[in-house]
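J.: Sequence plus the predicted model coming up.
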Amino acid sequence: MGCGLGASPIEDLAAFHLIFGKTVPDVSLNAVANLGYGEGRFLAPVWPGDTLRSESEVIGLKQNSNGKTGVVWVRTQGFNQHGAAVLEYCRWVMVKKRDEAAPAPETVVPALAESVAPDALTIPEGLDFSRYDFALAGEPHRAADYSLGEIIDHVDGVTVSQAEHMMATRLWQNTAKVHFDATARPDGRRLIYGGHVISMARALSFNGLANAQMIVAINAGAHANPCFADDTICAWSEVLDKAETAAPGVSAMRLRLVATRGHQAAGALRGDDGKYLPDVLLDLDYWALMPS
Amino acid sequence: MGCGLGASPIEDLAAFHLIFGKTVPDVSLNAVANLGYGEGRFLAPVWPGDTLRSESEVIGLKQNSNGKTGVVWVRTQGFNQHGAAVLEYCRWVMVKKRDEAAPAPETVVPALAESVAPDALTIPEGLDFSRYDFALAGEPHRAADYSLGEIIDHVDGVTVSQAEHMMATRLWQNTAKVHFDATARPDGRRLIYGGHVISMARALSFNGLANAQMIVAINAGAHANPCFADDTICAWSEVLDKAETAAPGVSAMRLRLVATRGHQAAGALRGDDGKYLPDVLLDLDYWALMPS
Amino acid sequence: MGCGLGASPIEDLAAFHLIFGKTVPDVSLNAVANLGYGEGRFLAPVWPGDTLRSESEVIGLKQNSNGKTGVVWVRTQGFNQHGAAVLEYCRWVMVKKRDEAAPAPETVVPALAESVAPDALTIPEGLDFSRYDFALAGEPHRAADYSLGEIIDHVDGVTVSQAEHMMATRLWQNTAKVHFDATARPDGRRLIYGGHVISMARALSFNGLANAQMIVAINAGAHANPCFADDTICAWSEVLDKAETAAPGVSAMRLRLVATRGHQAAGALRGDDGKYLPDVLLDLDYWALMPS
C-alpha cells in the first residue's frame, strides 16, 4: 500500500469476526440475541499467518423482569501467537436462565464509555498516509472532504443467501446454532450471522468512503433487527466526528454505519417512538483512519 | 499438535473423499445408488501438497432379479505421489445393465470382513498421545471415559443447501450427475453428495467425541436414505468397541456414527422390519484413535 | 504438464474474467445488457501471483432509435505487473443515455474482424505438445480426430444457484448490480453473471474436448438469453476450423461453444427467424490449442 506498514494486515473486521467466533462456545452458543457492542479497540495489526485466541471476562449481569432470561456483559480480548493483545471489546447478549427458580443474581451493569476517545485510538506503528496514492486508490476523497453530520448513501445493495452466510459464518468459526440449524428457531428460519451483515455493510460503504482504510475502534453497535436470506442489504453512513492523529497524514473519522433491509432513505434510523425502524439491521459507530 | 507427527496431516475424510472422487468417472458416474462401504483402512497420512490418485479393481458382480440393474463391488486403493498406498476400501454400487438382453454375468459376491481387526489398524508412525494436551484440545474426555454401548447425542444440527453441497462435491472432484444436474433424477431434485453427509456428521460428532482425532478404518457404511437440500443433518454415535494400540497413549475406538434428517431420538436406527428408519441418512462404522 | 511451460498458468478464462471484472466500474456497472465480444487475443500466460490491471478505450458509439439507450464499443487491454499485455478484446454493451434530451452523438461503429486469423494467434513461448501424455490426460483425442462441422454434445448439465454465481462473480471482482441486488431489475431476479455461464460451459466441454488445453482467442461471443438461478446449464460444441501452429505438435481448433438452458438438441442454435432459440444462453466462437 505504500502506507508504511511493510505488509498488508488482515482486514480489521476479519480479525474481529474470528476473535468473536472463538468466544461463541463460551458466551453465546445458545444466546437468544446479541444485543450490543462497545469499547472496541484494535490494538495491533493482525498479519497473515497469525494464530489468534480469545479470552473473555464476565463484567455484568442483569436478570430480565420475566425471570426467564437475562443479559450478560463480557469483555473479550484477542491475542496473537506472541501473546500480544490485538483487539478488545465488550458485548452484551441475552441468554436463558439455566434454573428459572434460582434467585436472581446481583445486578451489575458495567459503565461503558459512549465512545472511544480519539487519543485512546491505537494507530498501527509506521502508518503514514502523507504520500497516499489517490490515483491508485481510485477515489480522491480525503478526511477534509467530509463534513460533520454528512449523510452518505452507499447506493448499492447485495441480496444475501443461506449458503453464503453459512460459509462466512464457518470461515469466522462462529458456531451459534441459529445460523446453521433451521430447526433452532420457532419460525424455522436461519438467522443471518450478524458479522456477515457488518462486513457486507462495510464493503458497501467503500462506495462513498473509499479511503476509510482501517477500523481502529468500535464505539457502539447494535443488531437492530434480524436479517434473513433473500433480504437485500443496503447501507448508509453518517459522519459523526473527525480527529487528527499523531501519524503523518492520518485522520480519524468517527462514522455511523447503518445497514438496512432494502433501499431505504439514507439517514432514517429511528421512529417517533425512539425505536429503530423495522428495516434497520445494524447501527455501528466506529473510528476509521483516512488520509487527512 | 504435539502428537509426534511433525506436521498436520490432511483430514482423513478429505483424503477419503478425494480418492473416492477420482473413482467416480470409472465406477459410479451414472450409478443408481451407492450402496455400501467395507474393509476401509487408512494406511499412511496424507500431507498438504501431496498428489493423490486412485486405482479400482472390480471384485464382485451380481445381476438384480429385475434384470435391469446389478450390483458391482470394487476395491479402491489411493496412492500418493511416491507410489505409497494411503487408503484402501471396498464399496458397492447399483448400476444399470448396459444391454438388458445380455445374459446375466456369473454372480461373484466377495466375502468382506464384518470389521477391520484392531491389529490390522495402521497407526501413523510416531503418533504419541502420552502428552496429549487436553486443555488445549478444549475437552477432557479420553477413551477410558466411554463405555461400550454408550450412545452419544451430538445435539447440533446443520441445514444443508444446494450451493454448499455442490461446492463440497466439486472440492472433492466427485462428478456424479445426480449431485449437479436437477434434471438427472425423475423427481427433479439434486441428491446431496453422500460424502457431504459423512463429513457433516463427523463434524457434528466432535461435540461429544472431541478427542476422536483420526479415523484409521471404515468397517462398514451405508447411505440409508437420500438427503436433499433444506434437510437438517443431525448425528448420534454409539461406542461399539475399544482396543489398545502399540502407540503410546493411543487407544482405538470403534464407533457407529449415524446421521439423521432432523433431530431424532439418539440410538434409533432400524424399524421392527429391520430396515433403516426413514430419517436415518447414514450408518457409518469406523475406528478412530483417541488418547487412552 | 510436461508441455514446455515451466509452470501451470492461470486458467485462461479466469484471467479473462478478472480483467473483464476490473472494467465493470468504468464500463458496465449499470449496463442494460452485455451484447457481444470480438477480436479477443490471449497474448501471454498469466502466472499465479501476477497482479493484473485493465485499460479500456471507447472505440464506438451508436444511439438506439428509442433515444433512451445506446451501444458503446470498448477495446480492453489487460496488463500484468511487468506492464506486458496479457489479453486484449473488444466488447459492446447497451447503456442508458445520461441525458435523453441531449443530441445523439456521432455514430461510430468499429469494423471488427469476423475472427482472429490463425497466424495472429499468440502461442505461449516454449509450448510443446509433441510428447503430450494422453494416458495422463485421460482422453486420447487429438486435433486430427475431429472433423470440420462436427457437433459434440457435452452430455452433462449443472444446475446453477444464487450463492454459487454470486461467489464466482465476486471472485472475478465483477461488481455489476444486476448480479447481486435482487431489487435492481424490474422482475426481482438476479441475473447470473455471464462469465459464470462461459466458464461452466467451458468446463462441461471437456467431456468431448478433453485436450482442448488453452484458449488463445475469442473470435466472437454473445450472451444470447439471460440465465437465472435454478437453470441447468448444458453445452454443445461445433468444430469450425483447424490450423497448424509453429509450436511442435500444437494445433489450433476454432470451436463454437454453445450453452443452453436444460438439455437441448446439440447443434440447434437459431430459429427460422434467424434469432437465437430461447434456451440458448451463450454462443462463443474461440480458438483453443490441442495436440495435433
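T.: Thanks, I have the structure now.
J.: Chain B contacts on the stretch 51-200 of chain A?
T.: For the stretch 51-200 of chain A, the contact set with chain B under C-beta under 8 Å from any C-beta of the partner chain comprises A:161-164, A:166-167, A:177, A:180-184, A:190. C-beta coordinates here come from the backbone N, C-alpha and C atoms, glycine included.
J.: In CSV: the residues you listed, plus secondary structure, distance to B:Asn66 and neighbour count.
T.: What follows is those, written out as CSV (DSSP: H, G, I helix; E, B strand; the rest coil; distance: C-beta to C-beta, whole Å; neighbours: other C-beta atoms under 10 Å in any protein chain shown):
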residue, secondary structure, distance to B:Asn66, neighbour count
A:Ser161, coil, 41, 24
A:Gln162, helix, 39, 27
A:Ala163, helix, 38, 24
A:Glu164, helix, 43, 24
A:Met166, helix, 40, 24
A:Met167, helix, 42, 18
A:Lys177, helix, 44, 20
A:Phe180, helix, 41, 24
A:Asp181, coil, 40, 20
A:Ala182, coil, 38, 20
A:Thr183, coil, 38, 14
A:Ala184, coil, 43, 20
A:Arg190, coil, 42, 25
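J.: ok, which stretches of chain A are strands?
T.: Along chain A, the segments classed as strands by DSSP state E run A:33-42, A:53-63, A:69-79, A:85-96, A:151-159, A:214-223, A:232-244, A:250-261, A:280-291.
J.: Serialize the ones you listed to CSV and add fields for mean neighbour count.
T.: What follows is those, written out as CSV (neighbours: other C-beta atoms under 10 Å in any protein chain shown):
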stretch, mean neighbour count
strand A:33-42, 21
strand A:53-63, 16
strand A:69-79, 20
strand A:85-96, 20
strand A:151-159, 19
strand A:214-223, 22
strand A:232-244, 20
strand A:250-261, 24
strand A:280-291, 24
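J.: To B:Ala143, which of those strands lies closest?
T.: Closest of those to B:Ala143 is strand A:53-63, at 27.1 Å (criterion: C-beta to C-beta).
J.: what's the closest one in contact with?
T.: Strand A:53-63 has contacts (C-beta atoms under 8 Å, 6 or more residues apart in numbering or on different chains) with A:19-20, A:22-23, A:26-27, A:69-79, A:90, A:92, A:97, A:104-110.
J.: coming back round to it: let me have the strands of chain A in JSON lines, extended by distance to C:Trp172.
T.: Formatted as JSON lines, those follow (distance: least, C-beta to C-beta, whole Å):
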{"stretch": "strand A:33-42", "distance to C:Trp172": "30"}
{"stretch": "strand A:53-63", "distance to C:Trp172": "34"}
{"stretch": "strand A:69-79", "distance to C:Trp172": "32"}
{"stretch": "strand A:85-96", "distance to C:Trp172": "32"}
{"stretch": "strand A:151-159", "distance to C:Trp172": "16"}
{"stretch": "strand A:214-223", "distance to C:Trp172": "26"}
{"stretch": "strand A:232-244", "distance to C:Trp172": "21"}
{"stretch": "strand A:250-261", "distance to C:Trp172": "25"}
{"stretch": "strand A:280-291", "distance to C:Trp172": "27"}
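J.: Pipe those into CSV and attach mean pLDDT per row.
T.: Shown next, in CSV, are the strands of chain A (pLDDT from 0 to 100):
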stretch, mean pLDDT
strand A:33-42, 93
strand A:53-63, 96
strand A:69-79, 96
strand A:85-96, 95
strand A:151-159, 96
strand A:214-223, 96
strand A:232-244, 97
strand A:250-261, 98
strand A:280-291, 98
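J.: So stretch A:258-267, near chain C or not?
T.: Yes. Using C-beta under 8 Å from any C-beta, stretch A:258-267 reaches chain C at A:262-263.
J.: what residues does that stretch touch?
T.: With C-beta under 8 Å, 6+ apart as the test, stretch A:258-267 has contacts from A:151-153, A:157, A:197-198, A:200-201, A:204, A:225, A:227, A:231-238, A:269, A:277, A:279-284, C:183.
J.: can you check stretch A:240-249 too?
T.: By C-beta under 8 Å, 6+ apart, the residues outside stretch A:240-249 that reach it are A:115, A:118, A:121, A:123, A:127-132, A:143, A:146, A:148, A:251-256, A:285, A:289, A:291-292.
J.: One more pass at 7 Å, please.
T.: A:118, A:121, A:123, A:127-130, A:132, A:143, A:148, A:251-256, A:285, A:291-292 (C-beta atoms under 7 Å, 6 or more residues apart in numbering or on different chains).
J.: same thing with stretch A:144-163?
T.: For stretch A:144-163, the surrounding residues in contact (C-beta under 7 Å, 6+ apart) are A:190, A:192, A:196, A:200, A:204-205, A:207-209, A:227, A:229-239, A:241-242, A:253, A:263, A:266-267, A:292, B:161, B:163-164, C:162-163, C:166, C:177, C:180-183, C:190.
J.: CA atoms only: put stretch A:181-194 into CSV for me.
T.: Provided in CSV are the C-alpha atoms of stretch A:181-194 (Å, rounded to 0.1, in the frame of the first residue of the first chain):
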residue,chain,number,x,y,z
ASP,A,181,-29.9,-25.1,12.1
ALA,A,182,-33.3,-24.2,10.6
THR,A,183,-35.0,-26.1,13.4
ALA,A,184,-33.3,-24.0,16.2
ARG,A,185,-35.8,-21.1,15.9
PRO,A,186,-39.6,-21.4,16.3
ASP,A,187,-40.1,-19.8,12.9
GLY,A,188,-37.9,-22.3,11.1
ARG,A,189,-35.7,-19.6,9.6
ARG,A,190,-31.9,-19.3,9.9
LEU,A,191,-30.8,-16.0,11.3
ILE,A,192,-28.1,-14.4,9.1
TYR,A,193,-25.0,-14.1,11.1
GLY,A,194,-24.6,-10.5,12.3
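J.: was I right about A:Asn64 contacting A:Val95?
T.: No. Between A:Asn64 and A:Val95 there is no contact under C-beta atoms under 7 Å: 10.1 Å.
J.: Quick check, pLDDT for whichever residue of the stretch 51-200 of chain A sits closest to chain C.
T.: Chain C sits closest to A:Ala163 of the stretch 51-200 of chain A, with a gap of 3.5 Å, by C-beta to the nearest C-beta. At A:Ala163, the pLDDT value in this model is 89.
J.: what do you get for A:Asn174?
T.: So, for A:Asn174, pLDDT stands at 87.
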